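Undergrad: Everything below, folded, please.
(chains A, B, C and D)
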Protein chains: 4
Amino acid sequence: MSSSYGKIFKITTYGESHGKAVGVTIDGCPAGLALDLNLIQHELDRRKPGQSKIVTQRSEPDEFEILSGIFDKDNNQIFYTTGTPIQIVVRNTDQKSKDYAHIATSFRPSHADFTYFEKYGLRDYRGGGRSSARETIARVAAGAIAKQILQKIGVQIFAYVSQVGSLKLDKSYQELDLSAIDSNDVRCPDAAMAQQMYQLIDDTRKKADTIGGVVTCVIKGLPAGLGEPVFDKFHAELGKAMLGINAVKGFEYGSGFEGIKLHGSQHNDAFFAENSIVKTRTNFSGGVQGGITNGQDVYFNVAFKPVATIMQDQESVNENQETITVSGKGRHDPCVLPRAVPIVDAMAALVCVDFWLRNKLVKLTSLI
Amino acid sequence: MSSSYGKIFKITTYGESHGKAVGVTIDGCPAGLALDLNLIQHELDRRKPGQSKIVTQRSEPDEFEILSGIFDKDNNQIFYTTGTPIQIVVRNTDQKSKDYAHIATSFRPSHADFTYFEKYGLRDYRGGGRSSARETIARVAAGAIAKQILQKIGVQIFAYVSQVGSLKLDKSYQELDLSAIDSNDVRCPDAAMAQQMYQLIDDTRKKADTIGGVVTCVIKGLPAGLGEPVFDKFHAELGKAMLGINAVKGFEYGSGFEGIKLHGSQHNDAFFAENSIVKTRTNFSGGVQGGITNGQDVYFNVAFKPVATIMQDQESVNENQETITVSGKGRHDPCVLPRAVPIVDAMAALVCVDFWLRNKLVKLTSLI
Amino acid sequence: MSSSYGKIFKITTYGESHGKAVGVTIDGCPAGLALDLNLIQHELDRRKPGQSKIVTQRSEPDEFEILSGIFDKDNNQIFYTTGTPIQIVVRNTDQKSKDYAHIATSFRPSHADFTYFEKYGLRDYRGGGRSSARETIARVAAGAIAKQILQKIGVQIFAYVSQVGSLKLDKSYQELDLSAIDSNDVRCPDAAMAQQMYQLIDDTRKKADTIGGVVTCVIKGLPAGLGEPVFDKFHAELGKAMLGINAVKGFEYGSGFEGIKLHGSQHNDAFFAENSIVKTRTNFSGGVQGGITNGQDVYFNVAFKPVATIMQDQESVNENQETITVSGKGRHDPCVLPRAVPIVDAMAALVCVDFWLRNKLVKLTSLI
Amino acid sequence: MSSSYGKIFKITTYGESHGKAVGVTIDGCPAGLALDLNLIQHELDRRKPGQSKIVTQRSEPDEFEILSGIFDKDNNQIFYTTGTPIQIVVRNTDQKSKDYAHIATSFRPSHADFTYFEKYGLRDYRGGGRSSARETIARVAAGAIAKQILQKIGVQIFAYVSQVGSLKLDKSYQELDLSAIDSNDVRCPDAAMAQQMYQLIDDTRKKADTIGGVVTCVIKGLPAGLGEPVFDKFHAELGKAMLGINAVKGFEYGSGFEGIKLHGSQHNDAFFAENSIVKTRTNFSGGVQGGITNGQDVYFNVAFKPVATIMQDQESVNENQETITVSGKGRHDPCVLPRAVPIVDAMAALVCVDFWLRNKLVKLTSLI
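TA: As a prediction, the model looks like this:
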């Protein structure tokens, strides 16, 4: 009951870190989309390990195969979605399961080892099993298809690293060149700050430690009307989607936690009309009012904790409740932020496409 | 598609502020629960207007009637749930629809007027219609039943106001007397801080303005194993539930946004065993690891923006995109926080019960 | 988890026979439909008891009230759907609960008394509680709104009684005047057969017994493309909807159980084109191919068992597994068929509207 | 939105006949089940082509691979379910796509070609694409896992061919040796009738034609209490599951269409108690009362139409609405019944497991 996301554009993921594969079924993708397969690989490459010195040095090619739901209707190597379920699989190849023998019965601090064991009575301990970040491959692949639908309607998503540890970018997204996100290994569009962050992450890595941070994300071009009253508010689903990413501890949109200090007279966004479009003079609302998009930019922050796997000895217990020492082994990220960016992108795209489809059904006048 | 919450303990709400009633259907409540009807009214009373000088002075008795799903099986005025849908209705009584004639075609800044109009092409403008906070009556009523199930398994929920504007309570929940939450009008368990907050809210009210704040919530006694891997992580659903409350702008749990500044070696929660129970020495995890509860306290913060309705003139546009002035009228809250507390309580209870039920289904050994 | 139907146009029902009310929440009704309230009452009247000598003589006015989701936007007593949940409630008024004291702990043969007790451990035994046919009021009310949407797109639904006991109408629906369905108490559009059926039902009633029958239903004007491949085939959902009506024992569509005797060469429906529309020369398919409507008439049969409540003594056991005699009491239908017709109508309408909405989402070209 | 089945034990299938693979994700399988992999292959072999002269002579090995959700926890080649999604894939190997070039733009009579084209605007025409019977591989594989759970609780499912064309087995299931189902190629447990049916199918094949029939199924050992009131009645879901199988035209359970001719006094099933178990003297109810199982045998019939693909010329139209002749080509079943048996088995198993899990959640007393 837990591995599906979305009401209309619905994805169901599967796979463990050291099982045979990870993958996703997309049910509800509209028919007739000519897929850009390179874009899917591009997004997977942005997520994959080994991209730079400051991320894990595992070597996982993460090449995908689509098993169903597309058709080369004109026999010209252009594959169209057919409206039936799209299955994307990525084989696991570089798994070194022996690296994990030492934790077969141990609970690593702040990992999911203990809670999975409590919940299920057994667990695939190798590489974290289902709780591994490899699971996000499925999200990124599905998100790369969602993004292609969004392109058709002029929606663009820009996630970037805005904080690492206490190093916080003090510029708003409007002051940044969002096309520069991928220009450095940190994925912070401000070159100077990126350099500082890089240094902090690298220093942390050398200390066999890890550090957290914030991904900021901006969605531009979203039509008004997306999101539902009451429980499925646009930002509530967006929040759930972000909080469902491994290591996320917080979510805020628009004015967020800072906005609470303001008075209503400061915080309210005045409406005005320009070229027959209703706009707001400020955007503390973050593009969402009453849970529904208003056509302004949607922006939000996602907090990631420091990675739990550290290259140090830690106190813990095992399945028999005996006190043990857990030692750090293997190849891990000192900071998850640079690789989290495409995952935030992907989840945002999935939320947007699903709500865009849901919104198609609400006005009788536009249905007949 | 939007007014239901929960997978097993599933609620579906309805109702507009100035329609005939608001209410909720609970489908999936287990049979055999002897309902404490007073507790339901008690929670509704905690939410209702007119409790003190610092909340809206509307007079809404908010008396509920249960239309189905319960049965006085022993003919002694003790009503048991039967396992069939429970319908709870609260009639709207104090509605002064004329107060809203002036905004029939106007878009109030930072309200849902514009987005509902964009989405549906028409809207019940009276009192905000479906976007009114009266909708939360349904949540509180359902939550009061969820709480009664949680009582049976020893789970307690404590929400309180921890910040108003810039006035922030600097004590952790462990330092507070959580039984004192309802001892003042602000619902802050620290009497001195409550007094300051009261003054701030009252001052704000006198300035015809509004102010935001934070509700902190602690859940004690939750068993380990609640929550699902991947998308339906315990904290992700909790986040969605909180972000679905009107005026919420942010959610964080455990170490939250502050935790990102720490190193993994500081942030990891070491396991130890005590009396055959696995516990953690610290609780930066906020009682959730890998999306699944670990038996420690769950705690989280919810940020509420300043109420959008202010008693001042504001610039805006109407449905014809003409520039207009919106004036403040009616009886409104200068600060939503004191009345938000029971709503946070209720949503937390709904999340906990639903996950508790979902968790009953995962181990074959416990099913046969 | 059991009282909801539909994916987009989603209804959730509640209510017991002798509780305070029965009702329904419709979530997902498109906004902007000007409701004909009389049509809702008309359909409820077709379902209600006491219409003729051959149905139960209970006197239930079954007047409905809409509590939410509609708005008289022009202040002229024309109520439009707003896109938010529509709650319809019908109070129970003529309930004589004392009639059921004798079965408080007894299991009536072929009723749901035993199975509810086994499942839930307790049950509202009065009038069958949730298993009462009064529950179908909710379906008929919701169906009457669904029908109004279908009217807008030219879809018509005609259910009628085609068999009572062994009296079987030997004419196909094409040979009948479907406008004559309501012209007699049996709701069989063939006057001669209706007269015979009436006599059979009345004779059965006098013998303190009951009898079963078949409702045939034709849906005209459905666009091609409704229904989904694989599990949610149009006829599979239709079958589920019909089998979910009390007392239904079988469902067949198109050539049904008879068609199995044919060879493929006889049974296949040849395509041809006429006025730029693809049609079939025969319609053994019943308007559905591969689970998706093809634009031809959809037709199907629904088998109803004889009503379980008979005015005779029957052997049974009680909750203590003691042998008892159950005696017939109260006012009951000797044959459920005449009153089942509007219920079949309603469920068919709900299936059609839901699939019509679902089908709006499948082609990218029509979405952008 | 269409390729998922089940609420708790939820399967999502994918795959086209001539795509790369077909498969299924099972989300919600309880943890701790030691899987018998041979049983999965055994069921796939019962479904696969080429088993005898009277089924299609295609050669598809249909070997499966499990990509996730299982773990060899003791390193002894016994794989346990882990509670995470189980992905099963079966590669397509014997596909001869050229066989279908002639129907690339043609609509075969009584196939899904036209309706898929209408719905999606394009279609994978090769071998029927998603509408191919190969899709049922996914159901059979998932059903084989469901069956292993049912074994643990003593539930057995027996589907068999009871009618081919007009050849109808006149014995009830109680008169048959249900262990003999697989003893002949027809899968009719009555040897004499099986012989006649075989001859009829073979004669039909020689005439380049096809024929329909009925599969009867009995479920023994089901506990009382499965199924939900109102829409998700046990038999309603069972009916939907069966009607969702390709070529099915009708479903009846218990007394079915025949039962309507009886009077209530004949049809009611008297209760009695034996060894502290409540039983019924007759079983016209088919083991289901008020939509909930009562502990007696569940039995039902499923009608299959004659296969649409015949080796004869047929009139039709193409995508341009031009009149064409469709010729029969390729290797096809003259009668789908023998291979439908394991599919009916599988779908019945999926329905039973899902309801068994759902029923675990209804009584508070058994939850705490």
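Undergrad: tell me the contacts of A:Y160?
TA: Applying Cβ atoms under 8 Å, 6 or more residues apart in numbering or on different chains to A:Y160 gives the contacts A:L176, A:L178, A:I181, A:R187, A:C188, A:P189, A:V215, A:T216, A:C217, A:V341. In this view, the C-beta of every residue, glycine as well, is placed from N, C-alpha and C.
Undergrad: what pairs with it across the strands?
TA: A:Y160 has these beta-bridge partners by DSSP bridges: A:T216.
Undergrad: Neighbours of the residue of the stretch 51-200 of chain A found nearest chain B, how many?
TA: Going by Cβ to the nearest Cβ, chain B is nearest to A:A112 of the stretch 51-200 of chain A, at 2.3 Å. Other residues near A:A112 come to 26 when the count uses other Cβ atoms under 10 Å in any protein chain shown.
Undergrad: shouldn't it be in contact with A:S132?
TA: No - the criterion here is Cβ atoms under 8 Å, and A:A112 misses it with A:S132 at 9.1 Å.
Undergrad: Tell me how many other residues crowd A:T323.
TA: Residues within reach of A:T323, counting by other Cβ under 10 Å, total 11.
Undergrad: still on that earlier bit, just the buried residues of the contacts of A:Y160.
TA: Buried by 16 or more other Cβ atoms under 10 Å in any protein chain shown: A:L176, A:I181, A:R187, A:C188, A:P189, A:V215, A:T216, A:C217, A:V341, out of the contacts of A:Y160.
Undergrad: Need those residues in TSV (columns: pLDDT).
TA: Output for these, formatted as TSV (pLDDT from 0 to 100):
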residue	pLDDT
A:L176	98
A:I181	97
A:R187	98
A:C188	98
A:P189	98
A:V215	98
A:T216	98
A:C217	98
A:V341	98
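Undergrad: Before we move on, what's the pLDDT of the residue nearest to A:D345 when sequence neighbours are not counted?
TA: Of all residues not flanking A:D345 in the chain, A:A159 sits nearest, at 4.7 Å (Cβ to Cβ, 6 or more residues apart in numbering or on different chains). With respect to pLDDT, A:A159 scores 98.
Undergrad: Also A:S97?
TA: 66.
Undergrad: Check the contact between the residue nearest to A:D345 and A:I219; I expect there is one.
TA: No - A:A159 is beyond contact range of A:I219, at 9.4 Å (criterion: Cβ under 8 Å).
Undergrad: what is in contact with these two at once?
TA: Common neighbours of A:A159 and A:I219, using Cβ under 8 Å, 6+ apart, are A:A348.
Undergrad: buried stuff in stretch A:147-167?
TA: Within stretch A:147-167, the residues that count as buried by 16+ other Cβ under 10 Å are A:147-150, A:155, A:157-165, A:167.
Undergrad: May I have it exported as PDB, CA atoms only?
TA: Provided in PDB are the C-alpha atoms of stretch A:147-167 (Å, rounded to 0.1, in the frame of the first residue of the first chain):
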ATOM      1  CA  LYS A 147       8.600  16.700 -17.100                       C
ATOM      2  CA  GLN A 148       8.100  16.100 -20.800                       C
ATOM      3  CA  ILE A 149       4.400  16.600 -20.300                       C
ATOM      4  CA  LEU A 150       5.000  19.800 -18.400                       C
ATOM      5  CA  GLN A 151       7.300  21.100 -21.200                       C
ATOM      6  CA  LYS A 152       4.300  20.900 -23.500                       C
ATOM      7  CA  ILE A 153       2.300  23.200 -21.300                       C
ATOM      8  CA  GLY A 154       5.200  25.600 -20.500                       C
ATOM      9  CA  VAL A 155       6.000  24.500 -16.900                       C
ATOM     10  CA  GLN A 156       9.600  24.600 -15.800                       C
ATOM     11  CA  ILE A 157      11.100  23.300 -12.500                       C
ATOM     12  CA  PHE A 158      14.300  24.600 -11.000                       C
ATOM     13  CA  ALA A 159      15.700  22.900  -7.900                       C
ATOM     14  CA  TYR A 160      19.000  23.900  -6.400                       C
ATOM     15  CA  VAL A 161      21.100  23.700  -3.300                       C
ATOM     16  CA  SER A 162      20.600  26.900  -1.200                       C
ATOM     17  CA  GLN A 163      22.100  25.800   2.100                       C
ATOM     18  CA  VAL A 164      24.800  23.300   3.300                       C
ATOM     19  CA  GLY A 165      25.300  23.200   7.000                       C
ATOM     20  CA  SER A 166      25.300  26.800   8.200                       C
ATOM     21  CA  LEU A 167      26.300  28.100   4.700                       C
END
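Undergrad: what's the closest of the buried ones among the contacts of A:Y160 to chain C?
TA: Of all these, chain C sits closest to A:C217, with 24.0 Å by Cβ to the nearest Cβ.
Undergrad: Now, the buried residues of stretch A:147-167 that are in helices?
TA: Counting by DSSP state H, the buried residues of stretch A:147-167 place A:K147, A:Q148, A:I149, A:L150 in helices.
Undergrad: thinking again about what came up before, next up, the contacts around the residue nearest to A:D345.
TA: By Cβ under 8 Å, 6+ apart, the contact set of A:A159 is A:I181, A:R187, A:V215, A:T216, A:C217, A:V218, A:V341, A:P342, A:V344, A:D345, A:A348.
Undergrad: try it again with 6 Å
TA: By Cβ atoms under 6 Å, 6 or more residues apart in numbering or on different chains, the contact set of A:A159 is A:V215, A:C217, A:V341, A:V344, A:D345.
Undergrad: so after the lengthiest helix in chain A, what's the next helix or strand?
TA: Criterion DSSP H: the longest helix present in chain A is helix A:337-359. Using DSSP states H and E, the helix or strand that follows helix A:337-359 in sequence is helix A:364-367.
Undergrad: which helices and strands does that following helix pack with?
TA: Packing partners of helix A:364-367 (3 or more Cβ pairs under 6 Å, 6 or more residues apart in numbering or on different chains; DSSP states H and E): none among the helices and strands.
Undergrad: Go through that helix and flag the buried ones.
TA: Residues of helix A:364-367 classed as buried under the neighbour-count rule (16+ other Cβ under 10 Å) are A:L364, A:L367.
Undergrad: And the pLDDT for the residue of the stretch 151-300 of chain A found nearest chain C?
TA: Residue nearest to chain C within the stretch 151-300 of chain A (Cβ to the nearest Cβ): A:K152, separated by 5.7 Å. A:K152 is assigned 97 on the pLDDT scale.
Undergrad: State the phi and psi torsions of it.
TA: Here is the backbone geometry of A:K152 (degrees, to the nearest 10): phi -60, psi -30.
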